[in-house]
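**Student:** Following is a predicted model, sequence given first.
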Amino acid sequence: MTQNHVDEQVLLERVAARMGGGAVRDARRAVFDTVGALAEGLQLRERDLLLAALGPSFATVLHAAPYRGLVEAEAFFDRVERREHVGGGFAREHAEVVLVELGELLPAETRAHLARELPPSVAILLARPEYGAPPAHERPVPPELAHTLATGKPGSAHPIATDAPPGAQAHSVVREDNPHGETKVSSAEGLTQEREGETLATGHPR
């Protein structure tokens, strides 16, 4: 027989893993108490829709929960805390983990219907994250600046092979007709001291 609802064991294992690798029985308590708190804000139609997606083991907690009306996230976490009998921080963490995992596993139609009925601060926790889309602040690299083998030239924006080197600097060996001419014996005019004005005759000995 084909299973047409969420695999409870998979849900419990995923919640346990996200709760720091705790025991499945602790995850089960968090799951059922969160679903019970969720049911307190759902009308009968939405409870039946959620039951059809979760399976018969959730029937009692879904239909036994008294209807208390829709509430925003903070009040919802308080409901989970009262049911689970843990500290507020743990209740919040557990509720967030359970709703995120439910959002991953629930059928798209069920998730979308619940999201329309729940307050935004609770519905957002059920929203299945979209993978593959780049963050909004990232911009694609223009083709002319791409440096991968698939999209452009490897290396820098000005590869040596395609960029002419600048001309030689002034007084460089390449551009001088007689490089080092001033210091070579064959072409130098006078001694080094005479060229630099530091002879005894000029009064500037070295």
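**Tutor:** Right, received. Where do you want to start? Numbers count the residues shown, from 1 in each chain.
**Student:** so who does Arg28 touch?
**Tutor:** Arg28 is in contact with Leu12, counting by Cβ atoms under 8 Å, 6 or more residues apart in numbering. Quick note: C-beta positions are derived from backbone N, CA and C, even for glycine.
**Student:** mind checking the SS state of it?
**Tutor:** helix (DSSP: H, G, I helix; E, B strand; the rest coil).
**Student:** Which stretches in the chain count as helices?
**Tutor:** 8-18, 24-39, 44-54, 59-64, 73-84, 88-105, 108-117, 120-126, 192-195 (DSSP state H).
**Student:** hmm, who's touching the first one?
**Tutor:** This means helix 8-18. 22-24, 26-28, 30-31, 54-55, 57, 97-98, 100-102, 104-105.
**Student:** Could you check the pLDDT of the residue lying closest to Ala123 once chain neighbours are set aside?
**Tutor:** What sits nearest to Ala123 in space, not counting adjacent residues and going by Cβ to Cβ, 6 or more residues apart in numbering, is Ala115, at 4.2 Å. Looking at Ala115, its pLDDT reads 92.
**Student:** thought Ala115 was touching Leu125?
**Tutor:** No: using Cβ atoms under 8 Å, Ala115 makes no contact with Leu125, being 9.7 Å away.
**Student:** Now for Leu62: which residues touch it?
**Tutor:** Each residue near Leu62 by Cβ under 8 Å, 6+ apart is listed here: 35-36, 39, 47, 50-51, 54.
**Student:** can you rerun that using 6 Å?
**Tutor:** Residues near Leu62 by Cβ atoms under 6 Å, 6 or more residues apart in numbering: 39, 47, 51.
**Student:** List just the nearest of those to Gly88.
**Tutor:** Among these, Ala39 lies closest to Gly88 (Cβ to Cβ), at 20.6 Å.
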